[in-house]
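**Q** got a predicted structure plus its sequence, pasted below:
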Amino acid sequence: MNTLRAALWSGLLLSLGGCLSGVLPKASEQAQYTLPDAVAQRAERQLPLALLVDVPRAVAPLDGVDVVVIRADGEVQIMTGARWTAPLPILLQDLLVRTIEAAGLVPAVAQSAQAHRIPLRLSGELRAFELHDDGAGLRARAALNLRLICSRNAQVLASSGLITIEAADLPAGVAGAVASLRDLALKLSQQTLQWLQQADVSSCGEA
């Protein structure tokens, strides 16, 4: 009886496994990429107050892990064979924090939404971070809008306008295209650092 019961269970499990194999997704064959490390670049001018860096706002599909390709006719596609290791805004937030920290721009920099009583807050919107396919080749484009806010009274101390960076004549293949996007992210972080150094935060330090 035990032998018969074991045989029945074995057959049931094999049958169930065969059914699930047609439902469960297969292991991903996509390469996963993160953004580059911050470049050591000391700030020429320091800000005297601690800074909280928010996750940049973004709308789909820029708020996910897909590498976005936009065709000349406006169709949005997803590049096969590559994805980001985490949602893109979170990766960009981390890169901005590491860049600011490495530069020694502020006495302290945080990225936790639970952080309290931090005088300065860097908020932004990721407007573009994609590849453009015009039929003849690919180009990369990134665009970020930033605001430096005094947490005490929500005063906007500085607004960057739209920081836009582009690259054309990308290397062939998925890896080359993604490498170009990673380079744009690094340049965005460096331009953010340069912009922050020009900010006047004296009014935020007043009681």
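**A** It's in. Numbering: from 1, shown residues only.
**Q** can you tell me the centre-most residue of this structure?
**A** The centroid of the chain falls nearest to Leu88 when counting by C-alpha atoms, centre = their mean (2.8 Å).
**Q** thought that residue was touching Val67?
**A** No: using C-beta atoms under 8 Å, Leu88 is not in contact with Val67, being 9.1 Å away. The way it works is simple: take the backbone N, C-alpha and C, and place the C-beta from them, glycine included.
**Q** so how far is the lengthiest helix in the chain from its chain's centroid?
**A** Taking DSSP state H as the assignment, the helix of the chain that covers the most residues is helix 174-197. Distance of helix 174-197 from its chain centroid, counting by C-alpha atoms, centre = their mean, to the nearest Å, is 11 Å.
**Q** for it, buried residues please.
**A** Residues of helix 174-197 classed as buried by neighbour count (16 or more other C-beta atoms under 10 Å): 174, 177-186, 188-193, 195-196.
**Q** state the pLDDT value of the residue nearest to the centre of the chain.
**A** The model reports Leu88 with a pLDDT of 98.
**Q** got the contact list for it?
**A** Residues in contact with Leu88, defined by C-beta atoms under 8 Å, 6 or more residues apart in numbering, are 58, 62-65, 126, 129.
**Q** out of these, which is nearest to Arg45?
**A** Minimum distance to Arg45 across the contacts of Leu88 is 25.9 Å, recorded for Leu126 (C-beta to C-beta).
**Q** from Ser203, how far out is Leu122?
**A** From Leu122 across to Ser203, the span is 17 Å (C-beta to C-beta, to the nearest Å).
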